[in-house]
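just the structure for this:
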Amino acid sequence: MATFKHISSKNADYGAAEQYLTFEHDEFTMKPTLDKNGRLIPRDDYRISSLNCGGEDFAIACMRSNLKYGKNQKREDVKSHHYIISFDPRDAQDNGLSVDRAQQLGEQFCKEHFPGHQALVCTHPDGHNHSGNIHVHIVINSLRIAEVPLLPYMERPADTREGCKHRCTDAAMEYFKAEVMEMCHRENLYQIDLLHGSKNRITEREYWAKRKGQAALDEENASLAAAGEPPKATKFETDKERLRSVIRTALSSAISFEDFSGKLLQQGVTVKESRGRLSYLTPDRTKPITARKLGDDFDRAAVMETLTQNAQNAARAAEKPLPKQEYPSSIKDRLQRNKAAINAPKQDASQREVVQRMVDREAKRAEGKGIGYDRWAAVHNLKQMAATMSIYEESGFSSPEELEAALAAASAGLQETTGKLKAVESTLREKKDLQKQLLAYIKTKPARDGLRAQKSEKAKRAYREQHESEFIISESAARYFKAKGISKLPASKALQAEIEQLMREKNRLYNEYREKKENVRELQTVKGNIEQILRGAPSQQKKHEQER
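Residues are numbered from 1 along each chain as shown. Model (predicted):
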């Protein structure tokens, strides 16, 4: 699951960014780590490159550009923007993501979305918490040194001009997150939906408060243990974590908003509603904490939905239960088996061993394989036979015909999802092409308005020759609109919202496609193994009879 994060910096020392990327730093104080001689310690492994610096050092190139355009000279000016793309730790092993490939993706992302900016792109093979996630740092000078095309996330003419500054707006972050998700799909990497909120929203400040608090608690417990005293709590909780726990506890048993408010008030927490939004005030604070800062599980819609479900569950529990229906023993056994399979804990790909095809030992011996391979194949077949029968029984199949029917249904479902995914991808490509032409057409509006302002035909011809390239772009876009039968141009924001909705639908269908594809592969493998087991059953019985 790739994540995307943005940090703005007012530090005028551009060299500090490069120093952080190439030398080790303390994860709490963010100060450089020094060896016993007081020298900086280089990071063990990283990839770094600079863009649009003209062969100069990144810091020198940035300062030279700032002086040229007279920007970033004040203390309160944002000097640089730091973007971080963090990939899932499983991508390295499961999807073959390497540090070099991540660096290439980072450079490509920077060129496409931050054109005209001096930039550093650096890839680290591991996170600061040693989670094993490859991540890419993109640091750009906030000043733009070249005229650039109007990109979808840009809202003002100044966003494209040379000598103006980069603005990281909410719309821009939404666009960048959507592009990161698109990149992960294109590269077949793990990803999550970045365009929606999270159940528990952990800010950067809360994350580091927890890390520092846990470190201090561990140190205090170590000193207590050395003195022979019992340690204190082993897990540090932030104020927001404790508040989330209190809210979840109250929400688990409340059946109305009044009941929910009363249970919170017993714990000293006051819940307030204003303009359809909830906020929570704890005894040690004078300013309430909004639900948005806690996570999506604590906003008004989620709270009311949970309370409604609790009320419905309580009403059903109060009703008189109906007498149990008795089934024949064969049907009863099947239902119990299916119920056990449903209630069994789900195993993910890392816990459940993937079933593999069994080896045809006779065919391999005919090919000339030796006795060592044959012994390995015998052990391999036993393992796969056990895994196959386990899946066969867990799925509730009682005959090969049922397995064949399940495989046919799974294949049909996969084909249906594939068709929907291709349709959404086709529509998304068309919308992106339309957006590209629309943005190009909008950018030429000043030239078209200037042509209409000319009084004479001679002045119009001269003006048109002066802005020939812009009119070529405008006429090309107009031909595109005419070919597509578009008489009224859509609004840029509405088109962008439609594209984001299509991308969310594509993400959902893609995840569904991968799950169904894996299910079909597993059923095909089980079917092949079952057929091989059935083919080998008579020969095995004959062999046992001869041994007797």
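
point out where the stretch 401-548 of the chain drops to low pLDDT.
Scanning the stretch 401-548 of the chain for pLDDT under 70 picks out the ranges 537-548.

let's go with 80 and repeat that
Residues of the stretch 401-548 of the chain meeting the criterion pLDDT under 80: 535-548.

how close does residue 380 get to residue 373?
Separation of residue 380 from residue 373 (C-beta to C-beta, to the nearest Å): 10 Å. Just so you know, the C-beta spots here come from the backbone N, C-alpha and C atoms, and that holds for glycine as well.

longest strand in this structure, by number of residues?
Criterion DSSP state E: the longest strand present in the chain is strand 135-144.

and that one, what does it pack against?
Here strand 135-144 touches helix 14-22, helix 58-69, strand 80-86, helix 99-113, strand 117-124, going by 3 or more C-beta pairs under 8 Å, 6 or more residues apart in numbering; DSSP states H and E.

one more time with 7 Å, if that's ok
Secondary-structure packing of strand 135-144 (3 or more C-beta pairs under 7 Å, 6 or more residues apart in numbering; DSSP states H and E): helix 58-69, strand 80-86, helix 99-113, strand 117-124.

can you redo the ones you listed as CSV with mean neighbour count?
Below are the helices and strands packed on strand 135-144 laid out as CSV (neighbours: other C-beta atoms under 10 Å):
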stretch, mean neighbour count
helix 58-69, 18
strand 80-86, 21
helix 99-113, 18
strand 117-124, 25
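
what's the closest of these to residue 44?
strand 117-124 (9.5 Å; C-beta to C-beta).

quick one: contacts of the closest one?
Residues from elsewhere that reach strand 117-124 (C-beta atoms under 7 Å, 6 or more residues apart in numbering): 17-18, 21, 46-53, 58, 61-62, 65, 99, 102-103, 106-107, 110, 134-141, 144-145, 166.

compute the inter-axis angle for that strand and strand 135-144.
Computed by axes from the mean of the first three to the mean of the last three C-alpha atoms, to 10 degrees, the angle separating strand 117-124 from strand 135-144 equals 170 degrees.

what's the mean pLDDT across strand 117-124?
Per-residue pLDDT over strand 117-124 has a mean of 94.

return that strand as PDB; C-alpha atoms alone will do.
Extracted C-alpha coordinates of strand 117-124, given in PDB (Å, rounded to 0.1, in the frame of the first residue of the first chain):
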ATOM      1  CA  HIS A 117      11.200  23.000 -10.500                       C
ATOM      2  CA  GLN A 118      14.700  22.300  -9.300                       C
ATOM      3  CA  ALA A 119      14.500  19.000  -7.500                       C
ATOM      4  CA  LEU A 120      16.200  16.200  -5.600                       C
ATOM      5  CA  VAL A 121      15.000  12.700  -5.900                       C
ATOM      6  CA  CYS A 122      16.300  10.200  -3.400                       C
ATOM      7  CA  THR A 123      15.300   6.600  -2.600                       C
ATOM      8  CA  HIS A 124      16.000   4.800   0.700                       C
END
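
partners of it, with directions?
Note on strand 117-124: by DSSP bridges, its sheet partners are strand 47-51 (antiparallel), strand 135-144 (antiparallel).

show me what the helix or strand that comes right after the longest one is packed against.
Note on strand 135-144: by DSSP states H and E, the next helix or strand toward the C-terminus is helix 170-186. Under the contact criterion of 3+ C-beta pairs under 7 Å, 6+ apart, helix 170-186 touches strand 3-9, helix 99-113, helix 492-547.

which of the residues in helix 170-186 are buried?
Neighbour counts over helix 170-186 (16 or more other C-beta atoms under 10 Å) mark 172-185 as buried.

still on that earlier bit, now, of the strands paired with strand 117-124, which is deepest in the fold?
Of all the strands paired with strand 117-124, strand 135-144 has the most neighbours on average by mean count of other C-beta atoms under 10 Å, namely a mean of 24.

what residues does that one touch?
17, 21, 62, 65-66, 69, 71-72, 78-87, 102-103, 105-106, 110, 114, 116-124, 127, 162-166.

try stretch 455-467
So stretch 455-467 is in contact with 447, 450, 451, 454, 471, going by C-beta under 7 Å, 6+ apart.

got a PyMOL select line for the buried ones in the residues you listed?
Of the contacts of stretch 455-467, the buried ones can be selected in PyMOL as follows, counting by 16+ other C-beta under 10 Å:
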select buried, resi 447+451+471
